[in-house]
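Chemist: Could you look at this predicted model? Sequence included:
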Amino acid sequence: MVRRLLWLAFWAAPPAVAAFGISVCPSALILGTSCPGCGLTRALKLLVAGDVAGSYALHPVGWLVAPALVVMFGIYGLRYLRTGDSSMPRWGRVVLGAIVILLLIVWLARLGGAFGGAVVVS
């Protein structure tokens, strides 16, 4: 059970660190440019605070991607805690693949100037 809790803590750490304003984006730290997920955490914080326009400005699909990931990894995490099975089910790989493709499409569009351009990385 301790191993399972450590596994969950490992996956929960990056969002927790980002919630306190510390950049954990390797692209931002190394290259100084945005990555496909840049702005997602800040967009979700604004969405939870009720600032839909601000959330959309930071990441136009954050309202869709973040809750989908929370639900997906919540179900996956509960499955792991119950059974100890750490393999990702097929549906999880399909959902994750679709999210990655969506993020890449939006990222490329933003680099081209769509949706207000690339996110400012701090």
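Modeler: Thanks, I have the structure now.
Chemist: what comes up buried for the helix or strand residue 92 falls within?
Modeler: Using DSSP states H and E, residue 92 sits within helix 90-111. For helix 90-111, a neighbour-count test (16 or more other C-beta atoms under 10 Å) marks 95, 96, 99, 103, 106, 107, 110 as buried. Every residue, glycine included, has its C-beta placed from N, CA and C.
Chemist: and it, what other elements does it pack with?
Modeler: helix 62-83 (3 or more C-beta pairs under 8 Å, 6 or more residues apart in numbering; DSSP states H and E).
Chemist: rewinding a little: can you state the direction angle for the helix holding residue 92 and helix 62-83?
Modeler: Here the directions of helix 90-111 and helix 62-83 differ by 150 degrees (axes from the mean of the first three to the mean of the last three C-alpha atoms, to 10 degrees).
Chemist: Mind listing residues that contact helix 90-111?
Modeler: Applying C-beta atoms under 8 Å, 6 or more residues apart in numbering, the contact partners of helix 90-111 are 34-38, 59-61, 64-65, 68-69, 72, 76, 88, 115-119.
Chemist: Can I get it in PDB? Just the C-alpha atoms.
Modeler: Coordinates of each C-alpha in helix 90-111 appear next as PDB, following Å, rounded to 0.1, in the frame of the first residue of the first chain:
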ATOM      1  CA  ARG A  90      -6.500   0.400 -23.900                       C
ATOM      2  CA  TRP A  91      -9.200   3.100 -23.400                       C
ATOM      3  CA  GLY A  92      -6.600   5.100 -21.400                       C
ATOM      4  CA  ARG A  93      -4.100   4.900 -24.200                       C
ATOM      5  CA  VAL A  94      -6.700   6.000 -26.700                       C
ATOM      6  CA  VAL A  95      -7.800   9.000 -24.600                       C
ATOM      7  CA  LEU A  96      -4.200  10.000 -23.800                       C
ATOM      8  CA  GLY A  97      -3.300   9.800 -27.500                       C
ATOM      9  CA  ALA A  98      -6.200  11.900 -28.500                       C
ATOM     10  CA  ILE A  99      -5.300  14.500 -25.800                       C
ATOM     11  CA  VAL A 100      -1.700  14.600 -27.000                       C
ATOM     12  CA  ILE A 101      -2.800  15.100 -30.600                       C
ATOM     13  CA  LEU A 102      -5.200  17.900 -29.600                       C
ATOM     14  CA  LEU A 103      -2.500  19.600 -27.600                       C
ATOM     15  CA  LEU A 104       0.000  19.400 -30.500                       C
ATOM     16  CA  ILE A 105      -2.500  20.800 -33.000                       C
ATOM     17  CA  VAL A 106      -3.300  23.700 -30.700                       C
ATOM     18  CA  TRP A 107       0.400  24.300 -29.900                       C
ATOM     19  CA  LEU A 108       1.300  24.500 -33.600                       C
ATOM     20  CA  ALA A 109      -1.600  26.800 -34.300                       C
ATOM     21  CA  ARG A 110      -0.600  29.100 -31.400                       C
ATOM     22  CA  LEU A 111       3.000  29.200 -32.700                       C
END
